[in-house]
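Asker: Take a look and give me a structure for this.
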Amino acid sequence: MESVLSSSFAVPRWSFWPTERIRVVSWNIDRGLRLAEIIDFLRSQDADILVLQEVDVNARRTGYRNIAEEIAVKTGMNYVFGCEFQELTQGRRSAPAYHGQATLSRWPIKNPHVMRFRQQSDFWRPRWFLPRIEPFQERLGGRIALVSEIWIGCRRLVVYNAHLESRGSDALRMAQLSETLDDATRYVATRPVLVAGDLNVDVARSPLADALRRAGFRSAMQSSEANTTTPRGLFRHRRTIDWAYLAGGVQSISGSVNDTVNASDHYPLSFEFRYAPK
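Answerer: Have a look, this model is predicted:
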């Protein structure tokens, strides 16, 4: 559960200087259920970095596929995958199913590791009185940030691909984000840091915004308030819960919520940044 899957499908780049602009897409892809549409959109973006949440590996609902690897192959990128949960109702007897986060890059990815939050909800844990069938979605594990370093030319970017708890209070999400920021601040003085993902809370309307500012982070979307990032559905309301923040010597150039893309129950965020002049 703590190991990281990885493989390389990007063409090696021999550049000692970073490109002028780095393009990023952050997206909760809803397990990869609509994989062909997801890949079509990601290929259209020609991004340098993908930060994906809710990614399946070997789950029945997504055809027992390694969704992260299939996206990496089709987009020509390197990838790392960190396991958030083992899905007890989705695997085969000889091959467990996993669910988690994947970070992909056209550049080399170094030192990936899973940071499993100390504070977790017990909502997902197995219970003896519940049958192991899909509606109960029993799991082993807990929410994580997948941490990795992306080497862009001679420079590094530390990426925290975060998925905070959906079945809990804002206080729990605040604790999980605080763990992320405490870990990230050790890098901020020496290299840029990106924290992005599904935070399951409207950051602009919670104490999390102050915590991010105090840690030196600013919105990669060039706004303290993003647009809606989950579409309206039956018995659901629109929410703004997907975010991306930068710290260190980089400058955000542009950002948008791609709210015409319907391949997931979340809309993808896309933005560009560049290294600040010294």
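
Asker: For the rest of this, base every contact and every neighbour count on C-alpha atoms.
Answerer: Fine.

Asker: What is the neighbour count of D122?
Answerer: Burial of D122 is recorded as 11 neighbouring residues (other Cα atoms under 10 Å).

Asker: do you know how far it is from G142?
Answerer: For D122, the distance to G142 (Cα to Cα, to the nearest Å) stands at 9 Å.

Asker: next one: D46
Answerer: Distance from D46 to G142, by Cα to Cα: 32 Å.

Asker: For F81, what are phi and psi?
Answerer: Backbone torsions of F81, given as degrees, to the nearest 10, read phi -130, psi 130.

Asker: same question, Y187
Answerer: According to degrees, to the nearest 10, Y187 has phi -100, psi -30.

Asker: Tell me how many other residues surround the residue nearest to it when sequence neighbours are not counted.
Answerer: With Cα to Cα, 6 or more residues apart in numbering as the criterion, Y187 has its nearest non-adjacent residue at 7.1 Å, and that residue is V193. Applying other Cα under 10 Å, we find 25 residues neighbouring V193.

Asker: Pull out the buried residues from whatever helix or strand V51 lives in.
Answerer: Per DSSP states H and E, V51 falls inside strand 49-57. By 16 or more other Cα atoms under 10 Å, the buried positions in strand 49-57 come out as 49-57.

Asker: Check which helices and strands that strand sits against.
Answerer: strand 22-31, helix 67-75, strand 95-105, strand 155-163, strand 193-198 (3 or more Cα pairs under 8 Å, 6 or more residues apart in numbering; DSSP states H and E).

Asker: could these be laid out in JSON lines, adding distance to E2 and mean pLDDT?
Answerer: Converted to JSON lines, those look like this (distance: least, Cα to Cα, whole Å; pLDDT from 0 to 100):
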{"stretch": "strand 22-31", "distance to E2": "19", "mean pLDDT": "97"}
{"stretch": "helix 67-75", "distance to E2": "17", "mean pLDDT": "98"}
{"stretch": "strand 95-105", "distance to E2": "11", "mean pLDDT": "97"}
{"stretch": "strand 155-163", "distance to E2": "15", "mean pLDDT": "96"}
{"stretch": "strand 193-198", "distance to E2": "19", "mean pLDDT": "98"}
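
Asker: that older thread, okay, D46 and G142: which has more neighbours?
Answerer: For D46 and G142, the more surrounded residue by other Cα under 10 Å is G142, and the numbers stand at 24 against 14.

Asker: how about that one, what does it touch?
Answerer: Shown in contact with G142 (Cα atoms under 8 Å, 6 or more residues apart in numbering): 84-85, 116-117, 120-121.

Asker: Let's see that with 10 Å instead.
Answerer: 1, 83-86, 100, 116-125, 163-165 (Cα atoms under 10 Å, 6 or more residues apart in numbering).

Asker: again with F117
Answerer: Here F117 is in contact with 142-145, 164-165, 175-180 (criterion: Cα under 10 Å, 6+ apart).

Asker: Narrow these to those in strands?
Answerer: 144-145 (DSSP state E).

Asker: Scan the contacts of F117 and report the most crowded one.
Answerer: Ranking the contacts of F117 using other Cα under 10 Å puts A145 first, with 29 neighbours.

Asker: I figured it was touching V158, is that so?
Answerer: No. Counting by Cα atoms under 10 Å, V158 is not a contact partner of A145; they are 11.9 Å apart.

Asker: hey, what's in contact with both of these two?
Answerer: V195.

Asker: ok, back up a step: now, the contacts of G142 that are in strands?
Answerer: Per DSSP E, these map to strands at 83-86, 100, 116, 163.

Asker: Output the residues you listed in CSV; the columns should cover neighbour count.
Answerer: Below are the ones in strands among the contacts of G142 laid out as CSV (neighbours: other Cα atoms under 10 Å):
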residue, neighbour count
C83, 28
E84, 27
F85, 21
Q86, 22
G100, 25
R116, 20
H163, 27
